[in-house]
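Q: Next input, structure requested:
(2 chains)
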Amino acid sequence: MKVTMFHFMPYRDLPADFPPKGLASAWVDAPWWQYGDANKVTDVYNSSIDELMLAAKLGFDGVGLNEHHQNPYGFMCNPNLFGAILARMTAEQGLAQVALVQLGATISSCPPIRLAEEYAVLDCISGGRLIAGLPTGLGNDVSISNGITPMEHRERWREGVELMLKAWTAKEFFAWNGKYTQLPKVNLWPRPVQEPHPPVLIPGAASSSTWDYCHDRNFPYAYLSYFGGKSAEQVMDRFWARAAAKGRDANPYRAAFLQVVGVGATDRQAEEEYGKHVEYFYHKLLHLPLGYIAPPGNADYKSLLNVLSAGTNLLQISDFTIDLKPLKAKDMIEREFVVVGSPATVRQKLEAIAKRLNVGHLMVALQFGSMPHEQAKKNIELFGREVLPHLQTIWEDKDLENHWWPKKLRRRPVKQREMATASG
Amino acid sequence: MVSATVKTIPIRHCNFEAKVKTAGNGPSLLYLHAAGGPIWDPFVEGLCEHFTVYAPHHPGTGETAREAIYGVESLWDLLLIYDEILDALNLPSVPVVGTSFGGMMACELAAFRPERVSKMIVLDPIGLWREDTPVAPYMLMPPEQLAATLYKHLDSPPVQAALQMPSDPKQAAVITADLVWALGATGKFVWPIPDKGLKKRLHRVKAPTLIVWGEDDALVSVVYAKEFADRIANSRIEIIEDCGHVPQVERLEVVGPLVAKFLNGG
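A: So this is what the prediction gives:
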């Protein structure tokens, strides 16, 4: 399995009484002038980069970044700014085995041709280590923070992806006469190092139209849920059922899963050390109403009717503001929203999730909010030393090709191959 | 209760299959609904007593195909669709009543084709923007907040009747989905700020115009009444006291006679 340290670069200093009564959302609505401190953000960005570099040193297969706007959950307005730093630093420090997993930049709200260029730049600087994530983006980011009409959000995304792929691969000049982009003459400089283009990864919530899109084009899908392996079971079962229906095999590398993880010396210590940070994450950073995630027009009519007909079952995993506040860290650990425990517990739980969901890529969030830098480093180190090597052997006993990872990085590092041999 | 029919009208522009609800007796009248989708309420019933009311459903809402909205790409498309609907209905010149978003569309139509609108009544229309009194971001509100923004007296019987939901959860889910979709389908032409150039076009309106406004409208403030009146030459304002954004629901007993009187000549 390929394991990526995913960082969303959260603001770590929201006060204990946040969100105050009446603040509808931490996203868009939390006043910067009341809660933000640019000097603290200096630390957020720089220590986050250090945390990702530490993961790279410890042998993680990838380092992952994303894009969000107007919120304290995470504010990489353009993940490629940070990807460029990591591309250079990893090469400089002899860590050119690590992939740059951009989860990524939001094509619905920026000129697609600019994003094609930026990803090509990252692939060039890194010498062909980019994975080009193309998320549709949250409704609040795209429509509120960037003003895109909700009804056009998904159409813009589809057109943008098509333009980007053509701009990367065309061996002739072309004019693009799209609905949302018109260009008289396209001749992209530079192009990516990877041929025909960097692997594409489509992150999403649980929309069946996105799965079909992936299967039709042979793109892998990353299920970005913060509600753990158990709630993902029925989602991923349906993803694999759609794959079978579309004639695709069940190669686990078609899928990625995101998980919040805290590793401590023992289960009890881990719960004590990470408990308040788990609550910070779910109670403060994910204070985000459904109406913001999907303003009217964002979800297509069929999905909308599905959501509304499902009643409270679905709201529990889609409306962050309704159900999370009464849950304590202990509850969220029990429900396995988060995987928190000793190295042995975390190994066992993550292996079970990977096998149950049949995913070949795991993204782990090891800094989830208010954790001090030192604690985040400790989490990354414990995970890197005690959990990562074990996870990296998963699926290695099968004869599977990971078509969705940069070619030059597909061979396993020596250490893992030895461990696989020793344990097998 | 008047019996209504829904006419299906194939429109060449955007290949849109229009649906126009029709009822009543007397001279023709065009009714343009608000952002929440077509509603056949006591106000419209009242209009049907003296007029043959034609109420087109905005693309994607009411009886139209939900996906129809994807093909209507711009306000320009939408206006041409209305123009072709009026052609199909054989209405060269007709009085137009529009509420909120429908009020904006009435103004757009009257500015685009001044000769086609013989008289105009707009009730709390959107379409203009003042920095000091922004229009409330109604598309981003949870249902309770939206209701509280639309109405001044939430507990009054007519408002309660307007907000009534069926007890069957499946029916309620469809009604809610239709409402959210209607907000998205109309929102396509006003997102993120309902200021798409109408201020530059309103001077073209020739129709005698009545501007009706709820005194305590929390969605689009009553200060906008003057903004419309200043730009429409032959217009006057009627302020409805102790009333929110939907005067035809909250104060029908006042609004009904005002509208009837204006349409009948004064």
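
Q: Could you look up the SS state of the closest residue to chain A within the stretch 1-150 of chain B?
A: Closest to chain A within the stretch 1-150 of chain B is residue B:66: 4.1 Å, counting by Cβ to the nearest Cβ. Bear in mind the C-beta positions are built from the backbone N, C-alpha and C, glycine included. Going by DSSP: H, G, I helix; E, B strand; the rest coil, the secondary structure assigned to residue B:66 is coil.

Q: what sits against it?
A: Residues near residue B:66 by Cβ atoms under 8 Å, 6 or more residues apart in numbering or on different chains: A:301, B:60, B:181.

Q: switch to 10 Å and redo it
A: Residues near residue B:66 by Cβ atoms under 10 Å, 6 or more residues apart in numbering or on different chains: A:300-302, A:304-305, B:59-60, B:177-178, B:181-182, B:185.

Q: Out of these, which end up buried?
A: A:300-301, A:304-305, B:59-60, B:177-178, B:181-182, B:185 (16 or more other Cβ atoms under 10 Å in any protein chain shown).

Q: Out of the residues you listed, list just those in helices.
A: Among the buried ones among the contacts of residue B:66, the residues falling in helices (DSSP state H) are A:301, A:304-305, B:177-178, B:181-182, B:185.

Q: ok, residue B:194 to residue B:104 distance?
A: 7 Å (Cβ to Cβ, to the nearest Å).

Q: what does residue A:323 give?
A: 38 Å.

Q: ok, those two, which is more surrounded?
A: residue B:104 (28 against 14; other Cβ atoms under 10 Å in any protein chain shown).

Q: in stretch A:160-167, what's buried?
A: By neighbour count on 16+ other Cβ under 10 Å, the buried set for stretch A:160-167 is A:160-161, A:163-165, A:167.

Q: Stretch B:4-21 now?
A: Of the residues in stretch B:4-21, B:9, B:11, B:13-14, B:16, B:18-21 count as buried by neighbour count, 16+ other Cβ under 10 Å.

Q: backbone phi and psi for the closest residue to residue A:88 other than its chain neighbours, please?
A: The spatial neighbour of residue A:88 that comes closest, neighbours along the chain excluded (Cβ to Cβ, 6 or more residues apart in numbering or on different chains), is residue A:125 at 6.0 Å. Torsion angles at residue A:125 (phi, psi; degrees, to the nearest 10) stand at phi -60, psi -40.

Q: my read: residue A:125 touches residue A:96, true?
A: No - using Cβ atoms under 10 Å, residue A:125 makes no contact with residue A:96, being 11.2 Å away.

Q: which one of the two has more residues nearby?
A: Neighbour totals were compared for residue A:125 and residue A:96, and residue A:125 leads with 19 against 16 (other Cβ under 10 Å).

Q: Tell me who's in contact with that one.
A: So residue A:125 contacts A:83-88, A:90-91, A:100, A:193 (Cβ under 10 Å, 6+ apart).

Q: Pick out the residue closest to the middle of chain B.
A: Nearest to the mean C-alpha position of chain B, by Cα atoms, centre = their mean, lies residue B:102 at 2.4 Å.

Q: Where does it fall, secondary structure wise?
A: Secondary structure from DSSP states H and E places residue B:102 in helix B:101-112.

Q: I'd like to know how many residues surround residue A:177.
A: 9.

Q: which residues touch it?
A: Counting by Cβ under 10 Å, 6+ apart, residue A:177 touches A:183-184.

Q: I'd like the distance between it and chain B.
A: Computed as Cβ to the nearest Cβ, to the nearest Å, the residue A:177 to chain B distance reads 14 Å.

Q: Show me which strand runs longest in chain A.
A: For chain A, the longest strand by residue count, based on DSSP state E, is strand A:255-263.

Q: Residues of the stretch 151-300 of chain A that sit close to chain B?
A: Listed as neighbours of chain B in the stretch 151-300 of chain A under the rule Cβ under 10 Å from any Cβ of the partner chain: A:151-152, A:154-155, A:179-180, A:289-292, A:294-300.

Q: And the residues you listed, which of them are buried?
A: A:151-152, A:154-155, A:180, A:289-292, A:294-300.

Q: rewinding a little: which of the contacts of residue A:125 lies closest to chain B?
A: For the contacts of residue A:125, the nearest to chain B is residue A:83 (28.9 Å; Cβ to the nearest Cβ).

Q: Check what pLDDT that closest one gets.
A: Here the pLDDT value assigned to residue A:83 is 98.

Q: List the contacts of it.
A: Here residue A:83 is in contact with A:63-65, A:76, A:100-102, A:104-105, A:118-119, A:121-123, A:125-126, A:130 (Cβ under 10 Å, 6+ apart).
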